[in-house]
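In: Provided below for reference: sequence and predicted model.
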Amino acid sequence: MFRCVVAAAIAAGVISTALVGSAQARITEIKIDTVEPFAEGQPFGEAGSYERVRGIAKGELDPQSPQNQPIVDLDKAPRNARGFVEYETDFFILRPLDPSRGNGIIFYEVNNRGRKALLARIDEAPPNNNDPRTLLDAGLGFSLGRGYTIVWSGWDPDAPKANGGIAARFPFAADDGKPIVRRIREEFQFGTRSNASPELARLNYPAATLDKSMARLTMRARESDARTEIPAAGWGFENSRTIRLLPAGRKFEPLAIYELWYDATAPKVVGMGFAATRDFVSFLRYERADPKGTANPALGGGGESARPRHALMFGISQSGRFVRNFIELGMNKDLSGRRVFDGALAHTAGAGKVFANTTFAEPGRTATQHEDRLYPENWFPFSTATETDPASGRTGSLFRGDGSDPLLIATNTSTEYWQKGASLIHIDPTGKADLTLPPNSRVYMIAGTQHGGAAGLPITPGTCANPRNPHNPAPALRALIVALEDWVVKGIPPPPSRMPSIAQGTAVPASAVAMPAIKGLALPPGDNPIMEPVDWINPPEGDSPGPDGRPLFHYETRVPAVDADGNETSGIRLPPIAVPLATYTGWNVYRAQPSELCDRSGTYAPFAKTRAEREASGDPRPSVAERYSSRAAYVARVKAAADALVGERLLLPADAARYVREAERSDRF
């Protein structure tokens, strides 16, 4: 029976909190590969010029340490002569050339599948550049201009190394020295998150045998459909890491859900990524040099005076779920009892965590209504508030309550409410009441944005039925990063949480969302049902009961209520929502399968320019000309909305000015 991360999390809640000496687990060596100027020495505000530092950190973990007990299979990893488990992790640092000009804060971004997202998503730099080195790569210069020492390190041993990917080297788990072999389930979809209709499908783990009689392949068009067996003559192993359909040349069908049950082997101890992150950032904060005398790379040339005073943790999507998992597992207390991160911001994590701390972990999985839905992601506790789980009867909180918890900001887009159970972080699991969050926790929804929202996104539908949502949440995130910094450094609390609420009537069942009747707009079938964790290897079929015979518990999630335009009425309503020219949603559906939510995409539906155009199309929403008497009137309302957000510390003045400039040159007038 697989060892689920849920069990590890429960164990973590009852382990001793006695302090352990640093000799029991540590960074043993820092290897610096390169130190070179960033952006040819161009200055970034008061922080001045930056430099790039790349290298490898070597470390070791003590399997006997209470703080490491939550790590699944650490006891099955090979040990060195000291009885410890060794590992390596890549790191990449952007640090002020003159440490005295920095702000004394480590800004640690959890990489997403080996990728650095901060500069593209927050600073609006060009996307898909994993090796930032030019002025263009700094984007707006927001992060560097604040003087952070920005750090990335590896935590996923199978993260792609290509194109500057950040990865780690962790050992394989074994049973009494013998390779672990276990039957697992592998799910594939194509044309959603990967190229459409390939001929080959890659396995996350090597097959222990290529005997097809020991394996089973199925497919289904929709998540709710019954599985259809693909006979042995219809597929084959290309090699131990790849399968293909037969006859040769036959392609996998776009959007279809394929599942392979097979005997896999060679699982790595992926949960070590949590401890590796803990120990590396603790080293950067508190140590001067490694045991061999190599200087702490966060200090630059500043020596002891450059020691970081604070550390912030940041993650988007998978990385945001890592942040939540890291806190739940108690990893924010280092082995000397010190807090690792003073503050954290988890963006677009929903209610989820990462499928990483399990035998045969697959941290790249992300559960939505059509894709990966039966893999572990959403398990209790969901919220920083203490609550009782209706499924298990357990009472608990994401926070540890032992002084190690960071100040935490959780931000989500509309998509996470439709796809990832985001309401569970601030509404009780029965959907009946708002939770009272502790004072060291804030929750914000950025209204009318989609999961992957970023500057410059195209509105082309792709595989979705509706045009996709271009609304950019980054301006709100920049303001909240500043608010988190002020909370940690100055003790100034951020603005009150702003999200859908039961009490205010702005959090409703998906079935209660009444969209305007827009011609040609494909509507969602509902939100993604969030249920208690199931056996991911042998999940129940359809509505069949769980292993104990009782019906599986489905949590009562809620989504944001909308106005007559279909725009959300709660959360942080940036000017595109407060003074709209279109309807923006966090949901979309597949064009070829309109009963299935289109992964994590939203919808964009612009208003007609004139009343005549609106009436000709039968659009019930007032046109742009009916809403705003002139461009000047529109600009004035945008300015008023932006200024109000600045006053609430939910928008920076520079971003307010950008919204006004964009309004002045809008092509909608």
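Out: Done, it's in. Nothing here was measured: the structure is a model prediction, and the numbers come from that model.
In: low-confidence stretches in the stretch 401-550 of the chain?
Out: 543, 546-547 (pLDDT under 70).
In: and what of the stretch 1-150 of the chain?
Out: When the per-residue scores of the stretch 1-150 of the chain are filtered using pLDDT under 70, the ranges that remain are 1-25.
In: all helices for it, in order.
Out: For the stretch 1-150 of the chain, helices defined by DSSP state H, counting those that start in this stretch occupy the ranges 5-12, 118-121, 142-145.
In: cool, the stretch 301-450 of the chain as well?
Out: Residue ranges of the helices in the stretch 301-450 of the chain, as given by DSSP H, counting those that start in this stretch, are 318-328, 414-419.
In: what would those look like in CSV with mean neighbour count and distance to residue 638?
Out: Yep, even glycine has a C-beta here, placed from its N, CA and C like the rest. Supplementary listing: these in CSV, determined by neighbours: other CB atoms under 10 Å; distance: least, CB to CB, whole Å:
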stretch, mean neighbour count, distance to residue 638
helix 318-328, 26, 30
helix 414-419, 30, 21
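In: what's the closest of these to residue 470?
Out: Ranking these by distance to residue 470, with CB to CB as the measure, places helix 414-419 first at 13.6 Å.
In: would you list the phi and psi of residue 385?
Out: Dihedral pair for residue 385: phi -80, psi 150, per degrees, to the nearest 10.
In: where's the closest residue to it other than its chain neighbours relative to residue 357, distance?
Out: The shortest distance from residue 385 to any residue other than its chain neighbours is 4.1 Å, reached at residue 435 (CB to CB, 6 or more residues apart in numbering). With distances defined as CB to CB, to the nearest Å, the gap from residue 435 to residue 357 amounts to 25 Å.
In: compare those two (neighbour count), which wins?
Out: Between residue 435 and residue 357, counted using other CB atoms under 10 Å, the more crowded position is residue 357 (31 against 21).
In: surely the more buried one and residue 68 touch.
Out: No - with contact taken as CB atoms under 8 Å, residue 357 and residue 68 are classed as non-touching, separated by 11.5 Å.
In: can you tell me the closest non-neighbouring residue to residue 601?
Out: Across the structure, with CB to CB, 6+ apart as the measure, the residue nearest residue 601 apart from its sequence neighbours is residue 588 (4.3 Å).
In: spit out the contact partners of the one you found.
Out: Residue 588 is in contact with 461, 464-466, 468-469, 522, 524, 597-598, 601-603, counting by CB atoms under 8 Å, 6 or more residues apart in numbering.
In: among those, which lie within strands?
Out: Among those, the members falling in strands are residue 603 (criterion: DSSP state E).
In: as CSV, the contacts of residue 588 with distance to residue 557 and neighbour count would be great.
Out: Below are the contacts of residue 588 laid out as CSV (distance: CB to CB, whole Å; neighbours: other CB atoms under 10 Å):
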residue, distance to residue 557, neighbour count
461, 26, 18
464, 22, 24
465, 23, 19
466, 22, 25
468, 23, 20
469, 20, 30
522, 21, 18
524, 13, 24
597, 13, 26
598, 18, 30
601, 19, 29
602, 17, 28
603, 19, 31
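In: helices of the stretch 501-650 of the chain, start to end?
Out: Using DSSP H, counting those that start in this stretch, the helices assigned to the stretch 501-650 of the chain run over residues 575-578, 611-617, 624-627, 631-647.
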